[in-house]
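Peer 1: The sequence and its predicted three-dimensional model are supplied below.
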Amino acid sequence: MSVAVDVLRKLEETWEPPAPARHFFTTVDHKVIGKRYLVTSFVFFVLAGLEAVAMRTQLIEPENSFVGPSTYNQLFTMHGVTMIFLFVTPMLSGFGNYVVPLMIGARDMAFPRLNAFSYWVYVLSGIYIYSSFLFAIAPNCGWFCYAPLSEKLATPDRNVDFYSLGLMFLTISTTVGAVNFIVTIFKLRAPGMSLNRLPLFCWAQLATQLSAIFALPALTVANLFQELDRKFDFRFFQPAHGGDTVLYQHLFWIFGHPDVYIIFLPAVGIVSTVIPTFSQRPIVGYTWMALATMATAFVGFGVWVHHMFATGLPQITMAFFSAASLLITIPSGVQIFGWCATAVTGRPILRTPMLFVLGFVVVFVIGGVTGVMFAAIPFDQQVTDSYFVVAHFHYVLFGGAVMPIFAGLYYWFPKLTGRMYNELLGQISFWLIFVGLNMTFFPMHIAGLLGMPRRVYTYLPGLGWDVYNLLSSIGAYVLAAGVAVVAVNLIVSRRSGVAAGDNPFNANTLEWTTSSPPPHYNFAVLPTVRSANPAWDRLDRAEDGARLERGELVLVDGHQALATTVNEAEGDRVLEMPSESPWPLALAFAIGLVFTAVLVDHYATAAILGLLVLASLVGWHVQKPWHHERA
Amino acid sequence: MTTVEPIWTRAETRALGWWAMLLVVATEGTLFATLLASYLYLRFKNVVWPPAGVDKPQVLLPCVATAFLLAAAGAMFLAARALPRARVSAARAGVAAALVCGVAFAMFQFLVVHADWGEFRPSGSAYGSIYYTVVAVLWAHAAAGVLLLGFCLGQLSRGSFRPVRRAALEVGALYTYFVAVAALAVLLTVYLSPQL
Amino acid sequence: MTARRSFLLWFGVFGAPLAWFLHLLLGWTFEEAACSDGSRRWWSGEHWWQVGLTAAALAVGLLGALAALSSLRASRRGELSDPRGRLFFLAVFGLSASLFFLALTALAGTYVIILDPCTAG
């Protein structure tokens, strides 16, 4: 008994953070950073939602004057930019950040300081982009900001510069985050967690982050070319000087289509986690579920031209991409069947997370059906840039990403806070959201087929669009109410919810084998894994307890974690992990200053601030790997 | 108290930082591939390339510059082999040589661009725009590599051989190979293919 | 596991997907080269290039599927040391992936062979 007590005491001492005031700026704990991502991205979700409500209010009736056209352009652009770049991807990263190390039985991410850095860059880039509203020059070119609209001639003000530079700044965060996730999943898994025992949520994160590595450079190039054209009169997108506007579209969508899978796949990972738990059985067809995730990510790199079917490209060019766009539905279909088979052959428990997941299936399948319609080029060319497109992508994004996000928020809330959410409020929030989203987005299919174009700030009466817009706008208010109920439920339950215990849902993954919330060191004994459902392996978990009594696999000689081999997850080396550090914030801030100087054309200043960046890099690397301040 | 069973003693396993650098190479490599694909795309679209009034790019100096980066890669390869055999001074010499080669590349490449700047500008044509962008991005990556090698050299100069210093050397070597390959790709695409 | 077995296992996983991707990239490049003003003089855009590329991609994909099948058989016969079932998993993964990517390549190849080059869509 005393060995176990001794071990726990040493772990507590080693991993305990310093005073809260300093800890706020210097923490590298993945759980803290994960929670920050979740909260910050929810704030951006609310901001983007308010932008949407403003738009729907403007469109509630024809020839309305709630907002003017210039403001409307900023609203739809910022709504898209915020939802895609500042909400959904960071939110899913937040889940990954919190859950992945726990799910693989690790003590932290592979690079804790890099983790902190990626959060600070995210928050600062969000502030950078949103500061444009203060000057009433928010990006107004649509969330993909095509050339030639983005050229200086068409948009002389700095709207587009906030967009391009802001995204380049944010991409730093996403890229280093991807590196961190991939190395963590490859190298920090618990002993015995070979690739065929990796939780599907981690397979999804792996597919997502590998996609990010290969997709983000195209966005950077697009943004770079855009800024060079604007600031220094480069000619990338100017046909009169040998450039080509379609080049921008290629570059953007080479990033943009994989990006939708970067959004979709982690959400799918959440679904693959929630369904087995709420069906109380392992997932059906684990191998094909893992394959479907990786195959979707990979094929996602071969479909981008389907966003450009109306640009006059040769038929054979479009054929390659049309074929892939049609067949990419197959892996998603396999996953739907796998989930349904799991639920049907298990004992389904219809609590809030499961309701959101079932809602996801319904909504995403509807979005998928219209997606297959778009893969047929003749149909696509008729409905391009109409509200039919808007309907389609909101079904796949809201259904495919936001519903699983709500499921994940409710599902992991007990683990994060140690308390249960209110089940009744949860169910109310689900129905308000489900009804609201269908009411908002379904009528858009019809409005689109009746000819209503997207991105219009108003429309004439008598075109037959009025009733559909009215329904959409009312639906948006219902949807907003549902989101408000979610927020209230989580905020109130955090204080006064019932105590949750370690594993309130009897889930199958490792994060549920430690306390709620987990201790700073995650696991006292590093778990050994012998199946894909380790929390249900009672004997193995009892053996962990026995190891604690013997002081084995506890790694207490410092801030230690265990690296294992990539394929078989056999023990490899003991890692000394960094603890608190001010350098991630310092470096993020220095980079932000450089981007700000470039925004306002002060290049000499930017160069000098570049020295600050270098100094922060040096400080980071000179810091000793583990610094424990206790005497 | 036991902390961990003595199962693992494989000194040759890669440091975590090496895996991170592999992924950085993947993403930056994709960046170069995208830039060079953009170059080819614009070239396909333009009948006259380079445009009228712009000479074909020079070949000799860019080849010399690229050769220096290839030499740097070779030097880092030798250094990375020397260190695990505890030949620290040989490793240090290799890194120093690579650093000097990197600086030489930067100088020669600067001479090339300086000569070009007198002939044509990025604002003159899409050709100028893509040319200067590609070479500037390569130069920036090489400059970052020089700083990284300086850091590696600093690590090795602290005397004893330690695992973290070996990791720095492996990471520096991997990055150097990447920049050398990128430079070769740029040479073939931007300097040699217009000669056809 | 021997080097040959290891190669067959990983080729079974990556062969067909890479063949599909290269088919897409190269085939698209050939078409763009044939149909763009600046590159037409080097690339005649004769159709048999696309046919040949498709055939090559299908051949590599098929080899990938066969490699995965071979790994699966070896695993079933107990020839691979596989205490955690990872190799069996990768063999099934590879075979399923190969079949899917072969279908992708075949569909794209069918379109490309049927359609005329340099015709606006």
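Peer 2: Cool, got the structure.

Peer 1: Leaving out chain neighbours, which residue sits closest to the residue most central in space within chain C?
Peer 2: In chain C, the centroid-proximal residue (CA atoms, centre = their mean) is residue C:19; its distance is 2.6 Å. Distance criterion CB to CB, 6 or more residues apart in numbering or on different chains; nearest residue to residue C:19, sequence neighbours excluded, is residue C:60 at 3.9 Å. All C-beta atoms are positioned from the backbone trio N, CA, C, and that covers glycine.

Peer 1: Just the buried positions in the helix or strand encompassing the one you found, please.
Peer 2: Following DSSP states H and E, one finds residue C:60 within helix C:47-76. Buried residues in helix C:47-76, defined by neighbour count with 16 or more other CB atoms under 10 Å in any protein chain shown: C:49-50, C:53-54, C:57-58, C:60-72, C:74-75.

Peer 1: Please apply the same query to stretch A:562-580.
Peer 2: For stretch A:562-580, using 16+ other CB under 10 Å, the buried residues are A:562-566, A:568-569, A:571-573, A:575, A:577-580.

Peer 1: With stretch A:238-255 instead?
Peer 2: Buried-residue list, stretch A:238-255, by 16+ other CB under 10 Å: A:238, A:241-255.

Peer 1: so residue 89 is in which element?
Peer 2: Reading this off chain A. helix A:89-103.

Peer 1: was after chain C, sorry
Peer 2: Using DSSP H and E, residue C:89 falls in helix C:86-114.

Peer 1: Contact partners for the closest residue to residue A:468 other than its chain neighbours?
Peer 2: In space, and not counting its chain neighbours, residue A:468 is closest to residue A:443: 3.8 Å by CB to CB, 6+ apart. Residue A:443 makes contact with A:467-469, A:471-472, A:475 under the criterion CB atoms under 8 Å, 6 or more residues apart in numbering or on different chains.

Peer 1: Show me just the buried residues among those residues.
Peer 2: For the contacts of residue A:443, buried by 16+ other CB under 10 Å: A:468-469, A:471-472, A:475.

Peer 1: so, if you compare those, which one comes nearest to chain B?
Peer 2: residue A:472 (38.1 Å; CB to the nearest CB).

Peer 1: Check which residues of the host helix or strand of the closest one are buried.
Peer 2: Assessed by DSSP H and E, residue A:472 sits inside helix A:466-496. Buried positions in helix A:466-496, judged by neighbour count with 16+ other CB under 10 Å: A:466, A:468-480, A:482-483, A:485-486, A:489-490, A:493.

Peer 1: before we move on, what about stretch A:594-602?
Peer 2: For stretch A:594-602, using 16+ other CB under 10 Å, the buried residues are A:594-599.

Peer 1: any idea of the mean pLDDT in it?
Peer 2: In this model, stretch A:594-602 has an average pLDDT of 97.

Peer 1: now for the helix holding residue A:472, which elements pack on it?
Peer 2: helix A:30-58, helix A:403-417, helix A:423-449 (3 or more CB pairs under 8 Å, 6 or more residues apart in numbering or on different chains; DSSP states H and E).

Peer 1: Compile the ones you listed into TSV and extend it with columns for mean pLDDT and distance to residue A:65.
Peer 2: Formatted as TSV, the helices and strands packed on helix A:466-496 follow (pLDDT from 0 to 100; distance: least, CB to CB, whole Å):
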stretch	mean pLDDT	distance to residue A:65
helix A:30-58	97	8
helix A:403-417	98	34
helix A:423-449	97	20
